[in-house]
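*Asks:* quick one, structure for this:
(one chain, ligands or ions: 1)
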Amino acid sequence: MIEPGAQTRRQILRAAIGGAAGIVLGARVRGVGAAQAQATSDSPGTLRLSDNLFVVRIPGEANVVAHTGADGVLLVDGGSAGASDALMQAVASLPGGGPVRTIFNTHWHPEQTGSNERLGTAGATIIAHENTRLWLTTDVTWPWNGRRFMPLPKTAQPNQTFYATGELQSGIRYGHIPDAAHTDGDIYVYFPRENVLAVGDVVSGQGWPAVDWATGGWIGGIVGGLERVQALADAGTRIVPARGSVLGMAELKVQSAMYRTIYDRLTQLLNTGRSPGEAVDARPTKEFDAQMGNPDEFVRRAFESMWAYLSPDA
Ligand SMILES: [Zn+2]
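*Replies:* Residues are numbered from 1 along each chain as shown. The predicted structure follows:
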């Protein structure tokens, strides 16, 4: 399902590409940013960003950001259902840990929404973009591998949704990242006191990203999303992706340059009538592969993702 907003996204992307000056070449694509070096790890798997803000990392799971306070715990994402017990134990043991009152879903994927049912049943507020709620109320099947996702029970669905932006009483701000880097419901959550920006899978801190074009994501959205995240951040912002390391502005700039290069090459391949397999064979990521890993799945999905957005007849 692709929304009629595709044209708008294309315009946004053009604007973003037009403004992509000052790119730092040669720096690392991923890794430990200078800002992260100040953080200390209180226990294995938990990265402390401040007295009351943490990245909880359960092995094999996506990152979860946990904010503790007198009025309860706030989470950005909730891991998969199979790891929910372990996550809740880890969160309860944080300094200032208590009941989870609020959880954001950065998008609909099971790796982010696996604690929704228990938290929703316990009365927590589940905040997400409206598109995320809609995906969680319907069957989704990925055409590339046949994987099928069933709707979540009503109690597990987001119960407070938004379209553009919002702010909590605590000052924590959130908003849609409308470029569709990963899905059409991607959001950020910004913690102003700590200058920490959680961005879900809009940015990858580890390896090639997944492009879920079945629910709106596309390679142009990765380029546009990276530009948008940079516009939300400053030189001191710590950016927490769903996968991998905490990033800084320098790494985002390097990623922007890399994905813009790949996007341009894939666009040329599309415009010359190539198939996804031919796009993979053309090795459009070749100078990045040593650092980023085998690109075949990413290139195939990224190429397919352009059909809906850029094909002349779309
Ligand atoms: Zn995802």
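
*Asks:* by mean pLDDT, flag the weakest helix or strand of the chain.
*Replies:* When the helices and strands of the chain are scored by mean pLDDT, DSSP states H and E, helix 34-37 comes last with a mean of 37.

*Asks:* list the contacts of the closest residue to the ion within the stretch 101-250 of the chain.
*Replies:* With C-beta to the ion as the measure, His109 is the residue of the stretch 101-250 of the chain nearest to the ion, at 3.5 Å. The way it works is simple: take the backbone N, C-alpha and C, and place the C-beta from them, glycine included. Residues counted as contacts of His109 (C-beta atoms under 8 Å, 6 or more residues apart in numbering) are Thr183, Asp201, Asp212.

*Asks:* how much space separates the residue nearest to Gly82 when sequence neighbours are not counted from Leu53?
*Replies:* Distances taken as C-beta to C-beta, 6 or more residues apart in numbering put Gly114 closest to Gly82, at 7.0 Å, once the chain neighbours are dropped. Taken as C-beta to C-beta, to the nearest Å, the spacing of Gly114 relative to Leu53 amounts to 22 Å.

*Asks:* the residue nearest to Gly82: how many residues sit nearby?
*Replies:* 22 (other C-beta atoms under 10 Å).

*Asks:* who are the contact partners of it?
*Replies:* Gly78, Gly79, Ser80, Ala81, Gly82, Ala83, Ser84.

*Asks:* where does the closest residue to Trp135 other than its chain neighbours fall, phi/psi-wise?
*Replies:* What sits nearest to Trp135 in space, not counting adjacent residues and going by C-beta to C-beta, 6+ apart, is Trp108, at 3.9 Å. The phi and psi values for Trp108, taken as degrees, to the nearest 10, are phi -80, psi -10.

*Asks:* in JSON lines: the contacts of His109, plus pLDDT.
*Replies:* JSON lines is the format used below for the contacts of His109 (pLDDT from 0 to 100):
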{"residue": "Thr183", "pLDDT": "98"}
{"residue": "Asp201", "pLDDT": "98"}
{"residue": "Asp212", "pLDDT": "96"}
